[in-house]
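J.: Structure, please.
(one chain, ligands or ions: 1)
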Amino acid sequence: MLVFPGRPWYFPLTRRLSLRTTEIDMDPFTGLDYYRLDELYTDEERLVRETVRAFVDGEVLPIIEAHHRQGTFPVGLIPRLGEMGVLGANLHGYGCPGVTEMVYGLIMQELERGDSGLRSFASVQGALVMYPIYTFGTEAQKEEWLPQLAKGEKVGCFGLTEADHGSDLAGMVTKAVRRGDHYILNGSKVWITNGTIADVAIVWARADEGIRGFLVEKGRPGFTSREIHGKFSLRASVTSELIFQDCRIPRGNLLPGTEQGVKAALMCLNQARYGIAWGAVGAAMTCYDVALKYAKARVQFGRPIAGYQLVQRKLVYMLTEITKAQLLCLRLGQLKQAGQVRHTQISLAKMNNVEKAREIARMAREILGAAGIVDEYPVIRHMLNLETLYTYEGTHEIHTLILGRDITGLSAFA
Ligand SMILES: Cc1cc2nc3c(=O)[nH]c(=O)nc-3n(C[C@H](O)[C@H](O)[C@H](O)COP(=O)(O)OP(=O)(O)OC[C@H]3O[C@@H](n4cnc5c(N)ncnc54)[C@H](O)[C@@H]3O)c2cc1C
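T.: Numbering: from 1, shown residues only. Okay, here's the model as predicted:
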């Protein structure tokens, strides 16, 4: 197992402070539930959150730093995610538990409190692979894939981005040409989470009739994937390139409900963005919690640095922004559960919560001084991970443009 042998979660380098992330302070008034949101959650919501929290504390935190260092995803945790029912948790039937949107959000928050790579795995599997099969697939496709994906027996990936078409996804050039009862796929996708470990890829390609989603199984002749190395962000996650060279797939692999084209792909992204809005709060919570404990314990000029106004200003800003982000998520969850959420509301929450989490992680790193740049504390890992959140699933700027268009009626995209 990839662990730092014999080391507690935090260990002394010079005269380090003994802090444990497992003791996250959720106390109202002093901790991370400043507005007592717990009182607004149901017993089920709290129970699931505590279950995932215990899993992250017990099984993720002890190994995640080593995976981050080595640039590997903890694949051994995939069956555990399946057992806990967190993969495609908000879908109904086909082996999925059908939890509420609030429960789903809290799961994403807790997974990302551990690591963004872990939450990204669950987001891709649930929101970008299971959701499109569930929403756009045939009954046979659902029965074949969803139960195995829910259990973590199979892994999926979502191939939308291309080297020359990132934000401008409608410009994609990957082609699916119809030949009798088959399609021939040609093109490539890049930056694909889970790509090299996936048993099935949801691939978006340009067919004669428009952009469509296809199921492409691992091992199909003409389909290869390779891992992208050298990342400084989301290191505990597999990111890959998918290559299709005259890859022949049966017509039955088309997801028939994707006839809306790009809109269908955007519907999937909306599901994932909802999870990111919650997940970013989890990453911010860890950074704040560590920074607060560190500041109270770290003595400089004869007293804890938490006693200095400049440090307090940062801590207060962090808690204020976390509380605001938690409130956004709560209301977003209510609207989504009621089937009333607008995609622009999801954009606002993704945009805001990721931006604030990114700032919070940076402030936490500052508060830790030199200790903030080493991976014995989780802060630098979250700070680096948040760079990916800022960019994927619609960059910060693209969400700004989505909202700008919504409130002015004028598109500033091109
Ligand atoms: C670790 C990781 C995992 C990923 N996982 C997946 C995955 O599983 N599946 C998948 O399909 N994709 C995935 N992506 C890709 C991701 O969604 C894209 O990186 C993202 O959409 C942005 O595309 P781009 O990187 O090509 O940037 P570009 O689109 O080239 O943008 C570059 C910059 O220009 C800005 N910009 C672009 N257009 C405008 C405009 N009109 N106005 C103002 N500014 C603009 C952007 O905001 C950005 O700052 C992943 C990316 C990363 C880093």
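
J.: Can you name the residues bridging to the residue lying closest to Asp208 once chain neighbours are set aside?
T.: Counting by CB to CB, 6 or more residues apart in numbering, Asp208 lies nearest to Arg178, which is 6.2 Å off, once chain neighbours are set aside. C-beta here means a position set from N, CA and C on the backbone, and glycine is covered the same way. Beta bridges link Arg178 to Tyr183 when assigned by DSSP bridges.

J.: Tell me how far Arg178 lies from Arg248.
T.: Per CB to CB, to the nearest Å, Arg178 is found 11 Å from Arg248.

J.: so how far is the longest helix that the chain contains off the chain centroid?
T.: Scanning the chain for the helix with the most residues, using DSSP state H, yields helix 262-297. Centroid displacement of helix 262-297 relative to its chain, using CA atoms, centre = their mean, to the nearest Å, is 7 Å.

J.: Now do the closest residue to Arg362 other than its chain neighbours: how many residues are near it, please.
T.: Leaving out its chain neighbours, the residue that sits closest to Arg362 by CB to CB, 6+ apart is Met383, at 6.0 Å. By other CB atoms under 10 Å, the residues close to Met383 number 23.

J.: what element comes up after the helix or strand where Glu45 lies heading to the C-terminus?
T.: In the assignment (DSSP states H and E), Glu45 maps to helix 43-55. Remark: after helix 43-55, the chain's next helix or strand is helix 61-70, criterion DSSP H and E.

J.: List the contacts of the helix or strand just after that next one.
T.: Moving toward the C-terminus from helix 61-70, the next helix or strand (DSSP H and E) is helix 78-84. Residues from elsewhere that reach helix 78-84, judged by CB atoms under 8 Å, 6 or more residues apart in numbering: 51-52, 55, 59, 87, 121-122, 125, 150-153, 155.

J.: So for this structure, the centremost residue is which one?
T.: Per CA atoms, centre = their mean, the C-alpha nearest to the average position across the chain is that of Ser120, at 3.3 Å.

J.: Quickly find the element holding that residue.
T.: Assigned by DSSP H and E, Ser120 falls within helix 116-123.

J.: got it, and Ala205?
T.: Counting by DSSP H and E, Ala205 is part of strand 200-207.

J.: so what strands line up beside that strand?
T.: Under the rule (DSSP bridges), strand 200-207 has strand 156-159 (parallel), strand 175-179 (parallel), strand 210-217 (antiparallel) as partners.

J.: do the last one and the ligand meet at all?
T.: No - contact of strand 210-217 with the ligand (CB under 6 Å from any ligand atom) is absent, the minimum separation being 11.6 Å.
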